[in-house]
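Asker: Here's my sequence, what's the structure:
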Amino acid sequence: MKSILNIGAGKIKPLYIENLTQKYFLIQLDPMYHSYVEMSLTEKYHNIWRHETKEQSEVVKVKEKAFDFLGSYCYQFDHIACYRYLEHVTKPEIQTFLYLMSTALKVGGTLDIIVPNYEILADMILNEKIDEDTKHAEWERHDTQLTYELLNEPSMPHASI
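Answerer: So this is what the prediction gives:
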């Protein structure tokens with residue numbers, strides 16, 4: 001059985017989840033969830049999961065800020081996924097955030113991080129012509145990706161490129 005934390009999850013599960021052959025306990029962590037389980041109840045579920053044989057995997061959504069969760073959750077994880085979240089952490093907080101992730105990870109565990117690739121995004125602006133053609137089938141996806149991952153103001157998310 002594997003325990004997995006997915007930081008800033010939204011609707012996306014970790015990429016490797018489909019390849020797992022064993023049952024898992026997955027916490028989808030995102031402060032934007034509308035329906036969720038309180039952290040104290042999540043710890044109770046996690047404890048039960050650790051001590052009982054389960055027939056199926058369990059997914060729990062938790063509405064909590066990553067710093068608060070990592071600083072106070074009492075169990076460690078076999079895997080932590082952090083997709084398109086690390087760029088939301090400001091430079092003064094990055095060392096603390098990395099430390100908190102390391103303390104939440106079991107010895108021998110894995111950390112899976114994805115951050116925007118600014119070279120690819122710059123290439124999209126300089127070399128692709130999609131952004132000039134609003135009728136192009138990929139224009140909305142292209143525009144959203146560039147807007148949210150590259151062009152936000154420093155006071156907005158994506159503070160630490």
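
Asker: use CA for all of it now, contacts and neighbours both
Answerer: Noted.

Asker: now residue 100, what's its secondary structure?
Answerer: helix (DSSP: H, G, I helix; E, B strand; the rest coil).

Asker: wait, isn't it in contact with residue 70?
Answerer: Yes. If you go by Cα atoms under 8 Å, residue 100 and residue 70 touch, sitting 5.7 Å apart.

Asker: can you give me the helices in this protein?
Answerer: 39-51, 66-72, 91-104, 118-127, 139-149 (DSSP state H).

Asker: For residue 78, find the nearest of the ones you listed.
Answerer: Proximity to residue 78, assessed across those by Cα to Cα, is greatest for helix 91-104 (9.0 Å).

Asker: what's next to that closest one, contact-wise?
Answerer: 67, 70-71, 75-77, 80, 89, 159-160 (Cα atoms under 8 Å, 6 or more residues apart in numbering).

Asker: rerun that using 10 Å as the cut-off
Answerer: 5, 7, 66-80, 82, 86-90, 109-111, 159-161 (Cα atoms under 10 Å, 6 or more residues apart in numbering).

Asker: how about it: buried residues?
Answerer: 97, 100-102, 104 (16 or more other Cα atoms under 10 Å).

Asker: can you list the helices of the chain in CSV and add mean pLDDT and distance to residue 24?
Answerer: Output for these, formatted as CSV (pLDDT from 0 to 100; distance: least, Cα to Cα, whole Å):
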stretch, mean pLDDT, distance to residue 24
helix 39-51, 91, 9
helix 66-72, 95, 19
helix 91-104, 93, 16
helix 118-127, 73, 33
helix 139-149, 68, 31
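
Asker: Need these in CSV (columns: distance to residue 27).
Answerer: Formatted as CSV, the helices of the chain follow (distance: least, Cα to Cα, whole Å):
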stretch, distance to residue 27
helix 39-51, 8
helix 66-72, 11
helix 91-104, 13
helix 118-127, 29
helix 139-149, 25
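
Asker: my read: residue 85 touches residue 113, true?
Answerer: Yes. With contacts counted by Cα atoms under 10 Å, residue 85 reaches residue 113, the gap being 8.5 Å.

Asker: Now the common contact residues for those two.
Answerer: The contact sets of residue 85 and residue 113 overlap at residue 7 (Cα under 10 Å, 6+ apart).
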